[in-house]
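>>> how would this look folded up:
(one chain, ligands or ions: 1)
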Amino acid sequence: MGRMLPERPNLAIVGATGAVGAELLRILEERSFPHGRLRLLASARSAGTALLYRGEFVNVEELKDDAFDGVDVAIFSAGGAISRRYAPIAGAAGAVVIDNSSAFRMDPDVPLIVPEINGEAGLTAIGCRLSAGDRGLEPGTEVRRPSIIANPNCSTIIALMAVTPLHRAAGSGGVERMVVSTYQAASGAGAGVMRELEQQARDFAAGRPFTMDLLGRQYLFNLFSHTSTVGESGYNEEEMKLMRETHRIWGDSSPRITATCVRVPVLRAHCEAINLTFRGSLTEDEAREILASAPGVKIVDDRAGNRFPEPIYASGIDEVLVGRIRADISQPPGKGLELFVAGDQLRKGAALNAVQIAEMLIHAPQPTPA
Ligand SMILES: NC(=O)c1ccc[n+]([C@@H]2O[C@H](COP(=O)([O-])OP(=O)(O)OC[C@H]3O[C@@H](n4cnc5c(N)ncnc54)[C@H](OP(=O)(O)O)[C@@H]3O)[C@@H](O)[C@H]2O)c1
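A predicted model of the protein is given here:
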């Protein structure tokens, strides 16, 4: 039986020079991801530079329409506009696209996948599409969306890694209401914003005015509302993504969700305070037991030592850290729970999740066309 992807697929990374791109290369190397030819793609600004990968320098090429010839899987991390323009081109060239941008996440034809949470349902959807003959179309043919798989928003992935096992265990339909407050790192806004935060630290140490080229504001020793557009409701786009994508991943739009997303002067790894109300019941002890065996989750909850999830503990690791696990004392017993999570959004929130999806496709058998 064939597989959804070849055992050693030819790989393209769109946005290879960015914050997520750099992490993708690190993860492919760490996990010895099996692949054939590797194409590193970025803007014309980076064309001609080279990136170190598995001990060798690989040239970065400018992203153009013919970049996907012979490519089996293309991981996009270059912003929504690039994904909207080039993902269909990659699909038409026969590649499966795994997209880190928000361009296709709410498209009902595009699976939105976190392997630990909805991997199997996603595989079924992808398998049906791939067997329906999306691959091998003439370049320029309008491709049906199935050749694209979307990676959810980073804050959404990090929250759901911890909350989904509780949602599924609580009974009577799980979470009735979720209130999320985020503390999001600079790296979530890309490599340039990380550099600007570092530069502001140097400016401060040298007694110079702060460099404010990208954000137009002081970031060091400050925090501010997430910089995505604020809609008429007063919610910004990041907050809306967290709500909508959670409903889509759970396949259930009944849980009431609200969020406040804030950027904090941390270089890497997002934190989130999460308050849950259950329709059924889940005690603190039950929550601990469930989280202790949840895939991709690690409990850090040392009350005596006051050690809980922190960005520096979560940076560079695969697991989402969960702590401050406690019954919400404003709720009847078993009805409410408080959590604090920290997750490296460049890894599980983006690059790692994308690589896990690719691994899933390599190992999954290709279903026989109906
Ligand atoms: N950062 C995160 O934590 C995170 C998490 C989840 C999802 N994402 C999504 O991942 C994507 C990338 O984010 P990032 O943080 O890695 O951003 P970034 O550090 O700013 O990197 C952007 C990348 O896109 C490339 N690019 C920009 N314009 C291009 C063009 N016209 N043609 C080809 N390549 C172009 C850049 O290449 P040059 O170097 O040549 O400019 C660079 O490689 C975004 O869609 C973001 O929403 C990011």
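>>> can we go C-alpha only for contacts and neighbour counts from here?
Will do.
>>> for the chain, what spans make up the strands?
11-14, 38-42, 50-53, 56-62, 73-76, 96-99, 148-150, 175-184, 224-225, 256-263, 270-278, 297-299, 320-327, 336-343 (DSSP state E).
>>> wait, which of those strands is closest to the ligand?
strand 38-42 (3.6 Å; C-alpha to the nearest ligand atom).
>>> The closest one packs against which elements?
Judged by 3 or more C-alpha pairs under 8 Å, 6 or more residues apart in numbering; DSSP states H and E, strand 38-42 is in contact with strand 11-14, strand 56-62.
>>> now what about the shortest one, what contacts it?
This means strand 11-14. With C-alpha atoms under 8 Å, 6 or more residues apart in numbering as the test, strand 11-14 has contacts from 21, 35-42, 63, 68, 71-78.
>>> near the ligand too, which of these?
21, 42, 63, 77-78 (C-alpha under 6 Å from any ligand atom).
>>> any chance of those residues in CSV, plus neighbour count?
As requested, those are exported to CSV (neighbours: other C-alpha atoms under 10 Å):
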residue, neighbour count
Gly21, 25
Ala42, 22
Leu63, 20
Ser77, 26
Ala78, 24
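>>> Tell me which two of the residues you listed sit farthest apart.
Gly21 and Leu63 (13.9 Å; C-alpha to C-alpha).
>>> picking up where we left off before, just put the strands of the chain in TSV and tack on distance to Thr124.
Output for the strands of the chain, formatted as TSV (distance: least, C-alpha to C-alpha, whole Å):
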stretch	distance to Thr124
strand 11-14	23
strand 38-42	27
strand 50-53	33
strand 56-62	34
strand 73-76	18
strand 96-99	15
strand 148-150	12
strand 175-184	26
strand 224-225	38
strand 256-263	28
strand 270-278	29
strand 297-299	25
strand 320-327	26
strand 336-343	28
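>>> Let's have the ones you listed in CSV, adding mean pLDDT.
Shown next, in CSV, are these (pLDDT from 0 to 100):
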stretch, mean pLDDT
strand 11-14, 98
strand 38-42, 98
strand 50-53, 98
strand 56-62, 98
strand 73-76, 97
strand 96-99, 96
strand 148-150, 94
strand 175-184, 98
strand 224-225, 97
strand 256-263, 98
strand 270-278, 98
strand 297-299, 98
strand 320-327, 98
strand 336-343, 98
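>>> Pull out the buried residues from stretch 304-322.
Residues of stretch 304-322 classed as buried: 308-311, 313-322 (neighbour count, 16 or more other C-alpha atoms under 10 Å).
>>> Let me fix that, I meant to ask about stretch 69-82.
69-78, 80, 82.
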